[in-house]
Each structure stands twice: as C-alpha cells, then as structure tokens.
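Pasting a predicted model and its sequence here:
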Amino acid sequence: MALDREKVVAAAVELLDEGGLEGLTLRKLGERLGVRAPTLYWHFKDKAALVAAVAEAVLSDLHDLRRPGAGEKWDDWLAGVAGRLRAAMIAHPDGARVVSAAPLSETLAGVSELAIRTLFTHGLPLRQARLTVLVVVRFTIGHVLDEQSPRPADPFDVDGFTERHPTLVAAIGDYLLDGRTADDLFADAVRVIVSR
C-alpha cells in the first residue's frame, strides 16, 4: 500500500480523535501506518507541519462556505460562520489547540477573506470589517480552547467561591435559569461581538 500525504493526515486525525494532541506523535503515527517515523518526513518536515495539515483537515467542513443569501443580514451570516468554526473544532479533542497551532491555515485565511469581503460589501469600512472578523475568529478559537480544557480534578469549594464572587455566581445562575446551554452561551457571546 502506497503511503501518500492524504493517508498520513487521515491517520493523524484518527490519533487526534483517540488521544488528543498529546496522542499525536510521529512514533504513534508511524506505528499506525506500519512505517518507521523517519519515513513520515517525506511528507512533513516536522511535527509542526503535520499539525498544520491536521488543522486543515479539522477545518475541512468550512470549504463550502458561501456568501450570505439574498436578504440575509451580515451579522446573522457571520454568527453562523462562527458556529460552523466552533463545530469543526469541537468535533475533535484538542481541535482548537490544533487550529491555534496553525496560524497560517489556508482554510482559516479563506474564511477570513470571504468574511471580510462580505462585511465590506455590506457597507462596513474595510478596517472595521477586518477587526470584526478577527475578533470573531479569535473569540471562537479561544472559546473552544476553554471548552476543551481539562477541568481541575481537585474538589471545588462552591460555597467559598460563591462568597468571594456573589455577582458572578448570580449572573451565571440567571443566564442558565431558562435552560440555556453551552451552545446558547457561545451564540449569545458572538451576538454581542457582531452587534453594532
């Protein structure tokens, strides 16, 4: 069986899904593919290049993004783009870590290009369009990084935390009162960013 770049990336994504970014090593990838790790250097010069390729695979669902439909408002469209970006990353353990480790992602650059052009053609000044898209993309990556971060194993002192931060705890409780979820929190936060 010939070993091509596509097969290597597919196997790397499998390793990511099984063990997160720590589980994605060249040694494990070589074992998965039945080759020695040095063979992989024919396809990737180092682990950073491999992670960049995995980031492109993680973001592959964004390749079919289109401009807003007739009558669709840019802010609704951009909120939807953010939701798709979040979904792509959250579908893989450490998906946000992988994407954030690939700052020159062609897919993410393509999303930004389309989004900036869309906002600009909908009347935003170019600078404001760029800043809006930058904030939405970086917020989305940061939000998913937080969602995918391991939580402390130590017992949490809820009463002490509540005593020190009563307004924060009340605000969290108030937000969740109507059955809102983590998905709602993300969508509402993006709405705060894109509202003018």
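Sure, I can see it.

pLDDT of the helix or strand in which residue 175 is found, averaged?
Assigned by DSSP states H and E, residue 175 belongs to helix 166-176. Computed over helix 166-176, the mean pLDDT rounds to 93.

what separates it from the chain centre, distance-wise?
The chain centre lies 26 Å from the centre of helix 166-176; the measure is C-alpha atoms, centre = their mean, to the nearest Å.

now do stretch 88-105
Worked out by C-alpha atoms, centre = their mean, stretch 88-105 lies 5 Å from the chain centre.

Straight-line length of that stretch, end to end?
By C-alpha to C-alpha, to the nearest Å, the extent of stretch 88-105 from end to end equals 14 Å.

So which residues of the chain form helices?
For the chain, the helices defined by DSSP state H occupy 5-19, 26-33, 47-58, 74-90, 95-100, 106-121, 126-148, 158-164, 166-176, 182-194.

Pipe the ones you listed into TSV and attach distance to residue 41 and mean neighbour count per row.
Every C-beta, even on glycine, is put in place using the N, C-alpha and C of the backbone. As requested, the helices of the chain are exported to TSV (distance: least, C-beta to C-beta, whole Å; neighbours: other C-beta atoms under 10 Å):
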stretch	distance to residue 41	mean neighbour count
helix 5-19	11	17
helix 26-33	8	16
helix 47-58	9	19
helix 74-90	27	19
helix 95-100	20	24
helix 106-121	22	17
helix 126-148	29	16
helix 158-164	49	10
helix 166-176	48	11
helix 182-194	39	15
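
Of all those, which one is nearest residue 67?
Residue 67 lies closest, by C-beta to C-beta, to one member of these: helix 106-121, at 5.5 Å.

tell me the angle of that closest one relative to helix 74-90?
If you take axes from the mean of the first three to the mean of the last three C-alpha atoms, to 10 degrees, helix 106-121 sits at 170 degrees to helix 74-90.

How much space separates residue 175 from residue 136?
Per C-beta to C-beta, to the nearest Å, residue 175 is found 21 Å from residue 136.

Ok, residue 170 next?
For residue 170, the distance to residue 136 (C-beta to C-beta) stands at 28 Å.
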